[in-house]
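Participant: Predicted structure and sequence below. I'll ask about it afterward.
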Amino acid sequence: MVRKSAWRLQSRRKKGNKSADAGNSATASAKTLKIGEAARLLGVEAYVLRFWETQFPDLRPYHTASKHRLYKPQDLETLRLIKHLLYEEGFTIEGARKRIRELTTGNSGPKPASATSMKADRASAIDNANHQVVAADRQALMEIRRDLESIYQILKH
């Protein structure tokens, strides 16, 4: 009986220590995210992030001793850019890889000096791409409108 109570006491101590450690890991998790958390944040599945890791050389999350991936905020920015290029801009994997290479090298110049300037370059590239898409969409809509008006005129007579 003494052994059982001692075992229960040790078990309770371990559980108590886990909750104390959880508080410490909460501060660490503010800096890094596990693959599932990063996937939920980006709105994709975890296997997609693992695939992107094989396709984009700039994406190298930290691997713990137990082989868990931890994504830093810089990795999340890269993932957001990849997702934007692939899902919203319609780039292929190869095209997105080239576009990211262009952004990081500054379109044939030396690499930006700081992460802040790289983020600014990426943001401006995304803005430019969005502006080009909006202009192309506007042109396509105007052509569709003209076609519809001509069809309407034909059907009207």
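Facilitator: Done, it's in.
Participant: Confirm for me that A96 is in contact with K83.
Facilitator: No: contact between A96 and K83 fails when scored by Cβ atoms under 8 Å: they sit 9.5 Å apart. (Each C-beta comes from the backbone N, C-alpha and C, glycine too.)
Participant: Please point out which parts of the particular helix or strand that has I82 in it sit buried.
Facilitator: Element membership for I82, per DSSP states H and E: helix 73-83. Using 16 or more other Cβ atoms under 10 Å as the test for burial, helix 73-83 gives D75, L76, T78, L79, L81, I82, K83.
Participant: neighbouring contacts of that helix?
Facilitator: With Cβ atoms under 8 Å, 6 or more residues apart in numbering as the test, helix 73-83 has contacts from 31, 33, 38, 41-44, 49, 52, 56, 58-61, 71, 96, 100, 103, 115, 119, 122, 126.
Participant: What's the first helix or strand after it?
Facilitator: By DSSP H and E, the next helix or strand past helix 73-83 is helix 93-105.
Participant: Give me the pLDDT for A115.
Facilitator: With respect to pLDDT, A115 scores 55.
Participant: Make residue 1 into 7 and carry on from there
Facilitator: Sure, I'll start counting at 7 from here, so that last one is A121.
Participant: okay, the buried residues of helix 79-89 in TSV with pLDDT next?
Facilitator: Shown next, in TSV, are the buried residues of helix 79-89 (pLDDT from 0 to 100):
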residue	pLDDT
D81	90
L82	91
T84	90
L85	93
L87	91
I88	92
K89	93
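Participant: which residues of the protein score low on pLDDT?
Facilitator: 7-36, 113-129, 131-140 (pLDDT under 70).
Participant: the helices in it, which residues?
Facilitator: 8-37, 41-48, 52-61, 79-89, 99-111, 121-162 (DSSP state H).
Participant: ok and the shortest one relative to helix 52-61, angle-wise?
Facilitator: With axes from the mean of the first three to the mean of the last three Cα atoms, to 10 degrees applied, the angle from helix 41-48 to helix 52-61 works out at 100 degrees.
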